[in-house]
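Visitor: kindly generate the corresponding structure for this input.
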Amino acid sequence: YMVPGLWGAPLKPLSGFIPPATTQDFNLENLKYSIGNNQPISAGKNSAVQPPKKYIDKLHVPFGLTAYFDLEEGMAAAKILHKPLMLDFTGHSCANCRKMEEEVWSNPDVLKRIKENFVLVSLYVDEKEELPEVEQYIDKNGSKIVTVGDKNLDYESKKFDLNAQPLYMFLDLKGNALSDKRYGYNADIQKFINHLDAVKAAFDKQP
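Guide: Below you'll find the predicted structure:
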């Protein structure tokens, strides 16, 4: 059953234990999707939204999805596009994050919804790149926030009172959660689709 992997096909049973698909030079699954990472996003009548800039040299998402890796950049894009944010709290060493991507995100109906209905912001909680000195700070517990991962983990903890990955939260354009549900790893594709539809509906009902 590992033979298809020789040609870049995903090995879903091993997805939590092998390097992420985004690190592979050739990936058959990614050829199915035409929207490349970090490309300008069409904003309809508005000019194209600026593509992601921060950390794109080292952070990536699978399946041709465009993601921001900085909350402020993502929120700026969401306000232009008038779309809710999908926050993806993830990590380089998070096995369940990779499993969720390979088992659930890879579904065409899930991918379509993420691409069309949300601005994806992937926040790596273990990214070791240091923040500019002016962006470093002391958190409420007296610990110094030095790295990108430190900042993302501190935000997750303060905003959602959790320290878990993967965690998928959805925000409106004021930064408020569209659902109280803390959505973590769950291989049920239909359940994730239902949740995506529910938070999108909640966003659409806002004035």
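Visitor: and residue 69, backbone torsions?
Guide: phi -120, psi 20 (degrees, to the nearest 10).
Visitor: quick one: it and residue 123 touch, right?
Guide: Yes - contact status for residue 69 versus residue 123: in contact at 7.2 Å, counting by C-beta atoms under 8 Å. Glycine gets a C-beta too; all of them are placed from N, C-alpha and C.
Visitor: tell me the buried residues in whichever helix in the chain runs longest?
Guide: Across the chain, the longest stretch assigned as helix under DSSP state H is helix 189-204. By 16 or more other C-beta atoms under 10 Å, the buried positions in helix 189-204 come out as 192, 193, 195, 196, 199, 200, 203.
Visitor: what ranges do the helices span in this protein?
Guide: 71-81, 95-100, 108-117, 148-160, 189-204.
Visitor: now do the buried residues in the fourth one.
Guide: Of the residues in helix 148-160, those with enough neighbours to count as buried (16+ other C-beta under 10 Å) are 148, 149, 150, 151, 152, 153, 154, 155, 156, 157, 160.
Visitor: so who does the first one touch?
Guide: Residue 148 sits next to 55, 69, 124, 127, 128, 129, 130, 131 when contact means C-beta atoms under 8 Å, 6 or more residues apart in numbering.
Visitor: how about low-confidence regions in this protein?
Guide: Scanning the chain for pLDDT under 70 picks out 1-47.
Visitor: quick check: residue 104 touching residue 193?
Guide: No - Residue 104 lies out of contact with residue 193 (C-beta under 8 Å); the separation is 9.0 Å.
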